[in-house]
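Q: just coords:
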């Protein structure tokens, strides 16, 4: 059963300008492993984090570093959740969070589906 859905779109050039204008923003929004990625990939990861907030329905007790975007061996994205974010995801009954990201034409898009009840690990 789907317990939450979220989507977010980020203008990559605007996001790059924000990172240049506010250098500490990169450290605040992203984990150490994420920070080494190019700006367009960071824009997609920011969109993913925003989409997760929308899927959960709030951002109370959320910390940016508690929702790291990671990739498996085939480069499929997923979340590594911890802290308040993991607790909030569990509180809505989600047992699995699906993530899809893309960037094209100067935009980065992320789509999140939170699923609960009988989901395979």
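A: Sure, I can see it. Just so it is clear, the model here is predicted, and its values are computed rather than measured.
Q: next helix or strand past the lengthiest helix in the chain?
A: The longest helix of the chain (DSSP state H) is helix 39-56. Once the chain leaves helix 39-56, the next helix or strand it forms, by DSSP states H and E, is strand 67-71.
Q: before we move on, the earlier item: the longest helix of the chain versus strand 67-71: what angle between them?
A: 120 degrees (axes from the mean of the first three to the mean of the last three Cα atoms, to 10 degrees).
Q: and the strands in this protein?
A: For the chain, the strands defined by DSSP state E cover 2-11, 67-71, 77-81, 96-104, 107-115.
Q: now do the contacts for residue 43.
A: 10, 11, 12, 15, 16, 103, 108 (Cβ atoms under 8 Å, 6 or more residues apart in numbering). Yep, even glycine has a C-beta here, placed from its N, CA and C like the rest.
Q: cool, residue 33 as well?
A: Going by Cβ under 8 Å, 6+ apart, residue 33 touches 68, 70.
Q: okay, it: pLDDT?
A: Residue 33 carries a pLDDT value of 95.
Q: please report the distance of it from residue 80.
A: Distance of residue 33 to residue 80, computed by Cβ to Cβ, to the nearest Å: 9 Å.
Q: same check on residue 45?
A: For residue 45, the distance to residue 80 equals 12 Å [Cβ to Cβ].
Q: buried set for stretch 10-28?
A: For stretch 10-28, the neighbour count (16 or more other Cβ atoms under 10 Å) marks 10, 12, 15, 18, 19, 25, 26 as buried.
Q: cool, stretch 71-83 as well?
A: Buried residues in stretch 71-83, counted by 16+ other Cβ under 10 Å: 77, 79, 81.
Q: what do you get for stretch 81-94?
A: In terms of neighbour count (16+ other Cβ under 10 Å), stretch 81-94 has its buried residues at 81, 84, 85, 88, 89, 94.
Q: who's in contact with the second one?
A: Just to be clear, that refers to residue 84. By Cβ under 8 Å, 6+ apart, the contact set of residue 84 is 60, 61, 62, 63, 66.
Q: good, wrapping up.
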